[in-house]
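>>> kindly return the folded structure for what I paste below:
(one chain, ligands or ions: 1)
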Amino acid sequence: HILKGNFENYGKGWYNYTNLKDLFGDGIFVVDGDKWRHQRKLASFGFSTKAIKDFSGAVFRSNAAKLAHIIASYANSNEKFEIQGLFMKSTMDSIFRTAFGVELNCLGGSDHAGSEFAKAFDASGEIITLRYINVFWKIMRFLNIGSEATLKKKIKVVDDFVYKLIHLRIQQISSTANDLAKNEDILSRFLEESKKDPQNMSLKYLRDIMLNLVLAGKDSTASTLSWFFYLICKNPSVQEKIYREVMEVIESSEVDAFSRNINDESLNNMHYLHATLSETLRLYPVAPIDNKVCFSDDILPGGYNVKKGDIVFYQPYAMGRMEFLWGEDAEIFRPERWLDDDGIFQPQSPYKFSAFQAGPRICVGKEVAYRQMKTFAAVLLRFFKFKLSDKKKVVHYKTSTTLLVDEGLNLEALHR
Ligand code: HEM
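Next up is the predicted model:
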C-alpha cells in the first residue's frame, strides 16, 4: 500500500529532506515529485545503456582481479585480513570509475586521491543520521557547534572533491572536443543532459545527483558481500557448491584470464551464487529499516488510520525473518529455498523480499549490484577457500543506517 497501491501519498517528505539535504542536496534519495521522476528517468536510462553496462562490467572484472591479487599475498604469508574494509575500498573504486570516469585506486594504497573524501563522506553520513535522534540539531547548526560544526567541515571536503571532478571532466571533454555520447561514464551522460537542459541541471544539481549515486553504490554491495562471506564461512558446504558452480561455468586457472572471461551469460548461469546472495540479503538487508512520510490522511489496508505527517516504517530485516512469509525455517540460512528442482533461480515478490524496496521506487541499481557482487564472489571463490580467522567470535551488526558488520570481518584465505 505505501510502496505501490497509494504510492503518491507516501514519500521522503519534508522530514527526511530537511534532515538530509545538507549532504544529499536534491539527490534522488531525498526528493519526491518531479525532481525524483527526472532523476529516476536519467538513472534508469543510464543503467540500461549498453555502453555503461559494458563499461561497468569491465570495471568490476578488473577490480575483482585486483582484490584477488591482494588476497593472494595474504594467503601466501598465512596472514589474516579484514575483508569488509577491502570491499569498501574496492566498491568505492568501482563506483568512481563508472560514475565519474576516474581511477581513485583506494585499494592500491592508503594515501590515495579519494582517501580524504571517503573519510569525510563516511563521517558526514554518520553525523547526519544522528539528526534523527538529536532534537537540538538545528540550534547546533545555527550556532555552528559540536557535531554540526564537524559536519559542515566534512561536507566542505566532500563538495570540494566532487566539484573538482566535475570541473575536470568538463575541461577534459572541452579540450579534446570529445563527443559526450561516446563516453562510458555516467557523469558524461548527465553532462550531455545538462547541455540540453542547462536551467534545471546546474552544477549543484549535478553534484547532488552524483553524490547520491556514490552513496547508493558504495556501502550497499560492500556490506552485502561482507555478510555473504560471513555466511559462507559459517556454512562451508555452501562455499563448496558455489566453487563447483563457478568452475563449471568458467574455465581458466589464472586470475586475470578468469575475470576477463566473465560475461553476462556466465553470470546468468550462476544460479546457486545468485540464490546465496539473495539469501544473504533476506537475512542481512543493507537497508534494514525504511520510512515513508504520509502526505494526506489515509487508512492502511489493515484498518489503521494514518494522519498527514505521520511516518510509516517497514522493516526488511524483520520481514526477512518472519515465519509466516518464509516458513518455519525463516531464521535458517538456506540458499536452496530460492531454487526450483532443476536448480534454476526463482525470484520472489519484492513485497515479500523487500531488501531492494518495491514499487516505482525499487532500487534502480539492483541488476548492476547483482552483477558486481557475482563478479567479485566468483573470482574470489574460484581461487581461494575462506574461513573465519576467529571461529568463536560472534559477529554483530553496527548501529547505523546501513547494515555493516561491526568492527569488520577478519578472514583467512587458502589458495585453491
Ligand atoms: C546489494 C546492493 C543494494 C541494495 C540492497 C540496494 C537497496 C536499495 C533500497 C532499499 C533502496 C530504497 C531506498 C529508499 O528510498 O529509502 C534503493 C534505492 C536506490 N538504489 Fe539501491 N541498493 C543496492 C545497490 C545499488 C547500486 C549498486 C546502485 C547504483 C550504483 C543503486 C542505486 C540506487 C538508487 C539510484 C536508488 C534510488 C531509487 C529511487 O528513489 O527511485 N543501488 N536501493
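
>>> can you read off the backbone torsions of A369?
phi -60, psi -50 (degrees, to the nearest 10).

>>> thought it was touching T221?
Yes. Here A369 lies in contact with T221, judged by C-beta atoms under 8 Å, at a distance of 5.4 Å. For every residue, glycine as well, the C-beta is placed using N, CA and C.

>>> so which strand or helix has R207?
Using DSSP states H and E, R207 maps to helix 203-234.

>>> which positions within the helix or strand just after that helix qualify as buried?
Counting by DSSP H and E, the next helix or strand C-terminal to helix 203-234 is helix 236-249. Within helix 236-249, the residues scored as buried using 16 or more other C-beta atoms under 10 Å are V238, Q239, K241, I242, Y243, E245, V246, V249.

>>> can you tell me how far the fifth one sits from R416?
As judged by C-beta to C-beta, to the nearest Å, Y243 and R416 stand 7 Å apart.

>>> which residues do these two both contact?
Overlap of the contact sets of Y243 and R416 (by C-beta atoms under 8 Å, 6 or more residues apart in numbering) consists of R382, K385.

>>> ok, L42 - contacts?
R189, F190, E193, I209.

>>> hmm, I was thinking of V238
Here V238 is in contact with L231, I232, T276, F333, P335 (C-beta under 8 Å, 6+ apart).

>>> where does P285 fall, secondary structure wise?
Using DSSP H and E, P285 falls outside every helix and strand.

>>> what's around it, how many residues?
27 (other C-beta atoms under 10 Å).

>>> now do it, the pLDDT please.
Note for P285: predicted pLDDT of 97.

>>> so where's the chain uncertain?
The chain contains residues with pLDDT under 70 at 110-113, 176-183.

>>> where does the residue of it most remote from its centre sit: helix, strand or coil?
In the chain, the residue that sits farthest from the middle, by C-alpha atoms, centre = their mean, is G303; the gap is 34.9 Å. G303 falls in the coil class when you classify it by DSSP: H, G, I helix; E, B strand; the rest coil.

>>> from the ligand, how far out is it?
As judged by C-beta to the nearest ligand atom, to the nearest Å, G303 and the ligand stand 26 Å apart.

>>> what of F136?
Taking C-beta to the nearest ligand atom as the measure, F136 falls 25 Å from the ligand.

>>> distance check, that residue against S147.
10 Å.

>>> the more surrounded of those two?
The neighbour count for F136 versus S147, taken as other C-beta under 10 Å, is higher for S147 (17 against 12).

>>> which residue is the nearest non-sequential neighbour of that one?
Nearest residue to S147, sequence neighbours excluded (C-beta to C-beta, 6 or more residues apart in numbering): I127, at 5.0 Å.

>>> and if you look at N263?
Nearest to N263 is G57, by C-beta to C-beta, 6+ apart, at 7.5 Å.

>>> what's the local residue count around the residue in the chain positioned nearest to the ligand?
Closest contact between the chain and the ligand, by C-beta to the nearest ligand atom, is at G365 (2.2 Å). Residues within reach of G365, counting by other C-beta under 10 Å, total 21.

>>> what sits against it?
G365 neighbours (C-beta under 8 Å, 6+ apart): A43, F47, A216, G217, S220.

>>> wait, the third one sits on Q39?
No. Look at A216 against Q39 with C-beta under 8 Å: they stay out of range, at 11.3 Å.

>>> Y15 sits in which helix or strand?
With DSSP H and E as the criterion, Y15 is inside helix 13-24.

>>> list the buried ones in whatever helix or strand comes next after that helix?
Using DSSP H and E, the helix or strand that directly follows helix 13-24 along the chain is helix 33-48. Buried positions in helix 33-48, judged by neighbour count with 16+ other C-beta under 10 Å: K35, W36, H38, Q39, L42, A43, G46, F47.

>>> those residues also near the ligand: which ones?
A43 (C-beta under 6 Å from any ligand atom).

>>> which pair in the buried residues of helix 33-48 spans the largest distance?
With C-beta to C-beta as the measure, no two of the buried residues of helix 33-48 lie farther apart than K35 and F47, at 18.6 Å.

>>> what kind of secondary structure is Q199 in?
Reduced to three states with three-state DSSP, the structure at Q199 is coil.

>>> run a quick neighbour tally on it.
Neighbours around Q199, by other C-beta under 10 Å: 6.

>>> now it: how far from W338?
For Q199 relative to W338 (C-beta to C-beta), the value is 47 Å.

>>> what sits closest to K35 if chain neighbours are left out?
Using C-beta to C-beta, 6+ apart, the closest residue to K35 is D26 (5.7 Å).

>>> for the one you found, phi and psi?
Dihedral angles for D26 - degrees, to the nearest 10 - are phi -100, psi 30.

>>> tell me who's in contact with it.
Counting by C-beta under 8 Å, 6+ apart, D26 has contacts K35, Y205, D208.

>>> ok, the last one - contacts?
Residues in contact with D208 (C-beta under 8 Å, 6+ apart) are F24, G25, D26, G27.

>>> am I right that the last one is in contact with H38?
Read that as G27. No. The pair G27 / H38 is not scored as a contact, 11.4 Å apart, by C-beta under 8 Å.

>>> related to what we said a few turns ago, report the buried residues of the helix holding R207.
Here helix 203-234 shows 205-233 as buried, counting by 16+ other C-beta under 10 Å.

>>> what does stretch 315-331 give?
Q315, P316, Y317, M319, G320, L325, W326, A330.

>>> tally of neighbours for the closest residue to the first one other than its chain neighbours?
With sequence-adjacent residues excluded and distances taken as C-beta to C-beta, 6+ apart, Q315 is closest to I289, at 4.8 Å. The local packing count at I289 equals 13, with neighbours defined by other C-beta under 10 Å.
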